[in-house]
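**Student:** Quick one: sequence and predicted model below, then my questions.
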Amino acid sequence: MLEIPKGTLVYGTQLPIQSQSSLYAAKWEGSATPADLLRIAQAADRSGYFYVAVCDHIAIPEDKAAAMGLWWQDCLTTLGFLASATENVALLSHVFVIAYRHALTAAKSFETLDHLSGGRAIAGIGAGHVEAEFDALGVSFADRGSLTDSTLVDFAEALSNTYVGNMGALPRPVQSPRPPIWIGGSSKPAIRRAAAYEGWLPQGPATREGLDLLLATREKLGKADAPMAIGHVVIPYIYVGTPKSERRQPCYSGSPEQIAEALLAETPAEVNQLQVKFDTDSAAEYAEQVEAFGTQVGPLLTR
């Protein structure tokens, strides 16, 4: 099973292009191509990123379309596309709304992704938040928490075993006993849910309150010493060097040393995984920034 080496601080990125909410997408993403998406993922792959991530929405209600946009590529299809053109970087669903799927269907998809990628799948799982999307799929929004919990149990069992009851499925994942499960969200139920699995993906920066709840729950579950990926989303954009044009704010820019210092200063000691993003004027420049961060800033993220 993929684990973050003890004592290290790794970094990953949620890819542009694959989701295009007006809340964060740059103008150039609207005309970007699949080749552009691959170029950016390959830059991450060769420059030390722990993961690249892809979002998950099935359909967006009309009254939310202006903010959220309609462009949300299928999560696991996109990760499979990226798997074929990368070699090292982990492939993270961020986050896969498991309540929308049967546990066996979800397990089959992640097993296959892990098999085809040579053991690089990470199942980032969330409870979902768009009520109309649940309604369109015939799933109870009010029951999404309990449904997520019960489906997760069955999902983990199916990932870990060839047979569940009298029903079997191959191929098995490369990772043993299964790919890691990282739970997304910053609500108390989400954090308690994360404590039972291998990772926490907060919705934004990792707060002191959230970390304390996570660690206390891990202690109660007897998992205090078990490896866990604890995330922190870096809100400022990053630009390595001097920006060629005005950048969206807030933004960490300057020398690799300056950026690393800023990142280390804002990162809680318990965190071992940073999620970073970049603001550029083109896909080519985005790929350049991804690689510049990985080769110049990444090696300085030590403590």
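**Tutor:** Now that the structure is in, tell me what you want to look at.

**Student:** Can you tell me which residue is spatially central in the protein?
**Tutor:** Geometric centre of the chain, nearest residue: His94, 3.5 Å, by CA atoms, centre = their mean.

**Student:** Look up phi and psi at that one.
**Tutor:** Phi and psi for His94, reported as degrees, to the nearest 10, are phi -140, psi 90.

**Student:** For the residue nearest to it when sequence neighbours are not counted, give its distance to Ala269.
**Tutor:** Leaving aside its sequence neighbours, His94 sits nearest to Ala53 (CB to CB, 6 or more residues apart in numbering; 3.7 Å). C-betas here are computed from N, CA, C, even on glycine. Distance, Ala53 to Ala269, by CB to CB, to the nearest Å: 24 Å.

**Student:** In terms of neighbours, single out the busier of those two.
**Tutor:** Legend: neighbour count by other CB atoms under 10 Å for Ala53 and Ala269, higher for Ala53 (22 against 7).

**Student:** Report how many residues lie close to Leu91.
**Tutor:** Neighbourhood size, Leu91 [other CB under 10 Å]: 27.

**Student:** Equivalent analysis for Leu147, please.
**Tutor:** If you count neighbours by other CB under 10 Å, Leu147 ends up with 19.

**Student:** And it, what's its pLDDT?
**Tutor:** For Leu147, the pLDDT comes out at 98.

**Student:** Pull out the buried residues from the helix or strand that contains it.
**Tutor:** Following DSSP states H and E, one finds Leu147 within helix 144-160. Using 16 or more other CB atoms under 10 Å as the test for burial, helix 144-160 gives 144, 147-149, 151-152, 154-159.

**Student:** re earlier: so how far is Ile259 from the residue nearest to the centre of the chain?
**Tutor:** 23 Å.

**Student:** again, but for Ala106
**Tutor:** Using CB to CB, Ala106 is found at 37 Å from Ile259.

**Student:** Same check on Phe278?
**Tutor:** According to CB to CB, Phe278 stands 11 Å off from Ile259.

**Student:** Spit out the residues that contact these two alike.
**Tutor:** 238, 293 (CB atoms under 8 Å, 6 or more residues apart in numbering).

**Student:** Give me the more crowded residue out of these two.
**Tutor:** Counted by other CB under 10 Å, Phe278 and Ile259 do not tie: Ile259 has more neighbours, with 25 against 22.

**Student:** from memory that one sits against Ser253, does it?
**Tutor:** Yes: with contact defined as CB atoms under 8 Å, Ile259 reaches Ser253; the gap is 7.3 Å.

**Student:** Residues in contact with both of these two, list them for me.
**Tutor:** Common contacts of Ile259 and Ser253, defined by CB under 8 Å, 6+ apart, comprise 238, 240.

**Student:** Can you tell me which of the buried residues of helix 144-160 comes closest to Ala44?
**Tutor:** Of all the buried residues of helix 144-160, Ala44 sits closest to Leu159, with 25.0 Å by CB to CB.

**Student:** Need the pLDDT of the closest one.
**Tutor:** Looking at Leu159, its pLDDT is 98.

**Student:** nearest spatial neighbour of it, skipping sequence neighbours?
**Tutor:** Of all residues not flanking Leu159 in the chain, Arg178 sits nearest, at 3.6 Å (CB to CB, 6+ apart).

**Student:** again with Arg193
**Tutor:** For Arg193, ignoring the flanking residues on the chain, the nearest one in space by CB to CB, 6+ apart is Ile183 at 5.0 Å.

**Student:** Test my guess that the one you found contacts Pro202.
**Tutor:** No: Ile183 is beyond contact range of Pro202, at 9.8 Å (criterion: CB under 8 Å).

**Student:** Just confirm Phe141 is within a strand.
**Tutor:** No: Phe141 is assigned coil when assessed by DSSP: H, G, I helix; E, B strand; the rest coil, not a strand.

**Student:** Thanks a lot, catch you later.
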